[in-house]
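K.L.:
Any chance you could fold what I've pasted below:
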Amino acid sequence: MGRDVIVACDFASAKETLEFLDSFTDRKPFVKVGMELYYAEGPEIVRQLKARGHKIFLDLKLHDIPNTVKKAMSVLSKLDVDITNLHAAGTDAMMRAALEGLTRPDGTRPLLIAVTQLTSTDQISMERDLLIREPIEQVVMHYAQVAKGAGLDGVVCSPLEAERVHNVCGKSFLTVTPGVRFADGDKGDQKRVMTPAQAREIGSDYIVVGRPITAAADPVTAYQRCVNEFIG
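P.N.:
Numbers count the residues shown, from 1 in each chain. Got it, this is the predicted structure:
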């Protein structure tokens, strides 16, 4: 897989999701299935989207004791998703267990990436709520290095950190970056953001874009604008 725009299908039902995607007649976008949609519809929505020809990032952010995460990943391995994830804060042991659970008997598996710090988190909230005193960029780099050491394929990080992640962990270590907004758009609850063009320049491999596309008056045009700015 190469550089791409992932559309965050943060909808409450399969009906709403499929109706939204019906608008895309020329290209099947890479889609993100997150907690809201997955908890509402379960694995069947993944099967439906795959049958329609979409690549899928299953964004459930697993975070539990290693054995529980290993068993959960073993279940998810039976779904034909392309990328899935967990929280790097779950520790090296949890990430290694997850990788083991996600790997199928034939040795194949989806890409597995780790969430470093959410793009809704800033330095103040990280220190106040999580009692993490180091600079947020330093924390992200440490989590990325631990994830790479555990054998993962990349991280979810802010586009602000993508270039340094590649410098620290190598160009082949994937950076999947939410927190992308158009220059003339609303930031919403995101705090560490960039435009699609800036994310391209700084080296993001994938950008995850939700409301700037899904809430747009013309989602297909907004998606194409995002593709043009990010991929060219």
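K.L.:
switch to C-alpha atoms for all contacts and neighbour counts from now on
P.N.:
Will do.
K.L.:
The residue nearest to residue 133 when sequence neighbours are not counted sits in which helix or strand?
P.N.:
Nearest residue to residue 133 in three dimensions, chain neighbours excluded: residue 127, at 5.3 Å (Cα to Cα, 6 or more residues apart in numbering). Assigned by DSSP states H and E, residue 127 belongs to helix 123-130.
K.L.:
how about the helices in the protein?
P.N.:
14-21, 35-41, 43-51, 66-76, 92-102, 123-130, 136-149, 159-169, 196-202, 211-214, 219-230 (DSSP state H).
K.L.:
How far off centre is the second one?
P.N.:
Relative to the mean C-alpha coordinate of its chain, helix 35-41 is positioned 16 Å out (Cα atoms, centre = their mean, to the nearest Å).
K.L.:
Flag every buried residue along it.
P.N.:
For helix 35-41, the buried set under the neighbour-count rule, 16 or more other Cα atoms under 10 Å, comprises 35-38.
K.L.:
Residues in contact with stretch 202-211: which ones?
P.N.:
For stretch 202-211, the external contacting residues (Cα atoms under 8 Å, 6 or more residues apart in numbering) are 2-10, 32, 159-160, 162-163, 166, 174-181, 196, 199.
K.L.:
Would you mind measuring the gap between the ends of it?
P.N.:
Using Cα to Cα, to the nearest Å, one end of stretch 202-211 lies 22 Å from the other.
K.L.:
Could you do stretch 76-96 as well?
P.N.:
Stretch 76-96: ends 16 Å apart by Cα to Cα.
K.L.:
what's the lengthiest strand in the chain packed up against?
P.N.:
When the chain is parsed with DSSP state E, its longest strand is strand 56-62. Here strand 56-62 is seen to pack against strand 30-34, helix 43-51, strand 83-87 when contacts are counted using 3 or more Cα pairs under 8 Å, 6 or more residues apart in numbering; DSSP states H and E.
K.L.:
Ok, which of those comes nearest residue 62?
P.N.:
Distance to residue 62, taken as Cα to Cα, is lowest for strand 83-87 among these, at 4.3 Å.
K.L.:
So in that sheet, which strands flank the closest one, and in what orientation?
P.N.:
strand 56-62 (parallel), strand 111-115 (parallel) (DSSP bridges).
K.L.:
can you list those strands in TSV and add distance to residue 24 and mean neighbour count?
P.N.:
Below are the strands paired with strand 83-87 laid out as TSV (distance: least, Cα to Cα, whole Å; neighbours: other Cα atoms under 10 Å):
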stretch	distance to residue 24	mean neighbour count
strand 56-62	16	21
strand 111-115	25	25
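K.L.:
so where is the chain shaky, pLDDT-wise?
P.N.:
Filtered on pLDDT under 70, the chain yields the residue ranges 1, 185-192.
K.L.:
Weed out the non-buried ones from the contacts of stretch 202-211.
P.N.:
3-10, 32, 159-160, 162-163, 166, 174-181, 196, 199.
K.L.:
still on that earlier bit, between the helices and strands packed on strand 56-62, which one is closest to residue 94.
P.N.:
Of the helices and strands packed on strand 56-62, nearest to residue 94 by Cα to Cα is strand 83-87, at 9.1 Å.
K.L.:
how about the closest one: buried residues?
P.N.:
So for strand 83-87, counting by 16+ other Cα under 10 Å, buried means 83-87.
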